[in-house]
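Colleague: generate coordinates for the sequence data below:
(4 chains)
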Number of protein chains: 2
Amino acid sequence: MAEPDLNPSHQGGPDPALIAYFALFNEIGILAQLSSAMFEARLPPGVLVSQFAILNHLIRVKDGRTPLDLARAFQVPKTTMTHTLALLEGRGHVRLDTNPRDGRSKLVWITPDGRDFRNRAITMLMPDIEALARVFPADRVQAMLPHLTALRETMDARRDA
Amino acid sequence: MAEPDLNPSHQGGPDPALIAYFALFNEIGILAQLSSAMFEARLPPGVLVSQFAILNHLIRVKDGRTPLDLARAFQVPKTTMTHTLALLEGRGHVRLDTNPRDGRSKLVWITPDGRDFRNRAITMLMPDIEALARVFPADRVQAMLPHLTALRETMDARRDA
DNA sequence: ACTATATAGTTCCACATCGCACTAATAAAG
DNA sequence: CTTTATTAGTGCGATGTGGAACTATATAGT
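Modeller: Have a look, this model is predicted:
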């Protein structure tokens, strides 16, 4: 579900300088909801963004990593990753080998089928992105992207502290 | 779960100018995950961000609206809203009256208990926000917030088209 | 080497989310 | 006024998500 929508400005309460942070997380939450819906509308029925995201990560970053690595990258519990990887393996989109370096863990590899599926999915999404680009210019995206990345990295680093 | 992490740059594929949009949604998805986790860690056990967000909306925007209004505001199906409102009503944080203007619908009101709960929750969250503000300055938030709001409004408007 | 601790992954279970079908009520069409 | 279509909310079932506990392996301490 969506994010807070918090804004304690109705009372003289907390530091007003911090209200912007609440507003920020509110917008982020609603945008995550909207973008997930947009993506899933174009993906084949039953394929969730969570699964698609993993295929993307395996291509964009690197495959041959452990399920736990992936769980950390996506900020989900390892049980969730076990479930999602099982779905992808069942569809033949990824392959799970035992890790030769560590008998406890496995290594996740994307298959040619998984690669094809992901590339076709991106093609399906392109029209929506193009339509969005027409009403929301790319320079605005460029303006905020570095800040978002920095915020993500900061919060990611603070996660265990 | 988190968002795409899409970046088709591995091949000469789609318009490179559009890649930034994928990167944007990727960051938004992960940040939504991180902020939800941060919030829920401070909320009482069993209270999810989804419930807290509704209380916030009822105070910040306005209460006395229908469940369907809320479902649209948060971009969730009405069945989800029914469920969440039932939880909040069970805790005495909201009250559901029948709508005198329309026998089919109801009106959602926040109770004094709900108001107190929300205000106390915000107090609990403040230390985390303050800690974040120390490492991620407010001017960076100000720099991206207007763009995020504009993007959210744009995508929200395009939702039914 | 042996014990204690930590880690990777899974299983089991609780629950939030959401699609589908249904009821009740309103609105529109004739 | 009667019929039809639309809308608000709910019950039910399927599934994604995530916590607790467990097994198997690896690492640290002695």
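Colleague: where's A:Arg118 relative to A:Arg60, distance?
Modeller: 10 Å (Cβ to Cβ, to the nearest Å). (Glycine included, C-beta is placed from N, CA and C.)
Colleague: neighbour-wise, which of those two wins?
Modeller: Neighbour comparison, A:Arg118 and A:Arg60: the larger count goes to A:Arg118, with 23 against 18 (by other Cβ atoms under 10 Å in any protein chain shown).
Colleague: A:Arg120: neighbour count?
Modeller: 11.
Colleague: just the pLDDT at it, thanks.
Modeller: A:Arg120 is assigned a pLDDT of 93 by the prediction.
Colleague: need the three-state assignment for it.
Modeller: Following DSSP: H, G, I helix; E, B strand; the rest coil, we place A:Arg120 in the helix state.
Colleague: for it, give me its contacts.
Modeller: By Cβ atoms under 8 Å, 6 or more residues apart in numbering or on different chains, A:Arg120 lies in contact with nothing.
Colleague: equivalent analysis for A:Gly114, please.
Modeller: Residues near A:Gly114 by Cβ under 8 Å, 6+ apart: A:Leu55, A:Leu58, A:Leu88, A:Gly92, A:His93, A:Val94.
Colleague: of these, which belong to helices?
Modeller: If you go by DSSP state H, those have A:Leu55, A:Leu58, A:Leu88 in helices.
Colleague: top of those residues by neighbour count?
Modeller: Using other Cβ under 10 Å as the neighbour criterion, A:Leu55 leads these with 26 neighbours.
Colleague: quick check: closest non-adjacent residue to it.
Modeller: Among residues not flanking A:Leu55 along the chain, A:Arg118 sits closest, at 4.2 Å (Cβ to Cβ, 6 or more residues apart in numbering or on different chains).
Colleague: where do the strands sit along chain A?
Modeller: Shown for chain A, the strands assigned by DSSP state E span residues A:94-98, A:106-110.
Colleague: what does the first one contact?
Modeller: Meaning strand A:94-98. Contacts of strand A:94-98 (Cβ under 8 Å, 6+ apart): A:54-55, A:58, A:63, A:67, A:85, A:88-89, A:105-111, A:114.
Colleague: closest one of these to B:Pro146?
Modeller: Taking Cβ to Cβ as the measure, B:Pro146 lies nearest A:Ile54 of those, at 32.6 Å.
Colleague: circling back to that earlier point, which two among the contacts of A:Gly114 are spaced furthest apart?
Modeller: Farthest apart among the contacts of A:Gly114 by Cβ to Cβ are A:Leu58 and A:Gly92. That separation is 13.8 Å.
Colleague: in chain A, which residue sits closest to DNA strand D?
Modeller: Residue of chain A nearest DNA strand D, by Cβ to the nearest atom of the strand: A:Gly103 (2.7 Å).
Colleague: could you report the pLDDT at that residue?
Modeller: With respect to pLDDT, A:Gly103 has a value of 95.
Colleague: so how far is A:Leu70 from it?
Modeller: Per Cβ to Cβ, A:Gly103 is found 19 Å from A:Leu70.
Colleague: neighbour count winner among the two?
Modeller: Taking other Cβ under 10 Å, A:Gly103 and A:Leu70 do not tie; A:Leu70 has more neighbours (21 against 7).
Colleague: please name the nearest non-neighbouring residue to that one.
Modeller: Excluding its sequence neighbours, the residue lying closest to A:Leu70 (Cβ to Cβ, 6+ apart) is A:Met81, at 5.5 Å.
Colleague: tell me the contacts of A:Gln142?
Modeller: The neighbourhood of A:Gln142, defined by Cβ under 8 Å, 6+ apart, consists of B:Ala20.
Colleague: for DNA strand D, what are the nearby residues on chain A?
Modeller: Residues of chain A lying close to DNA strand D by Cβ under 7 Å from any atom of the strand are A:46, A:48, A:50, A:76-77, A:79-80, A:83-84, A:87, A:102-104.
Colleague: again, only using 6 Å
Modeller: Within chain A, the positions near DNA strand D by Cβ under 6 Å from any atom of the strand are A:Leu48, A:Ser50, A:Val76, A:Pro77, A:Thr79, A:Thr80, A:His83, A:Thr84, A:Asp102, A:Gly103, A:Arg104.
Colleague: look at the fourth one and report its pLDDT.
Modeller: Listed pLDDT for A:Pro77 reads 95.
Colleague: so how far is A:Met155 from it?
Modeller: 18 Å.
Colleague: in the longest helix anywhere in chain A, what's buried?
Modeller: When chain A is parsed with DSSP H, its longest helix is helix A:16-42. Neighbour counts over helix A:16-42 (16 or more other Cβ atoms under 10 Å in any protein chain shown) mark A:18-36, A:38-40, A:42 as buried.
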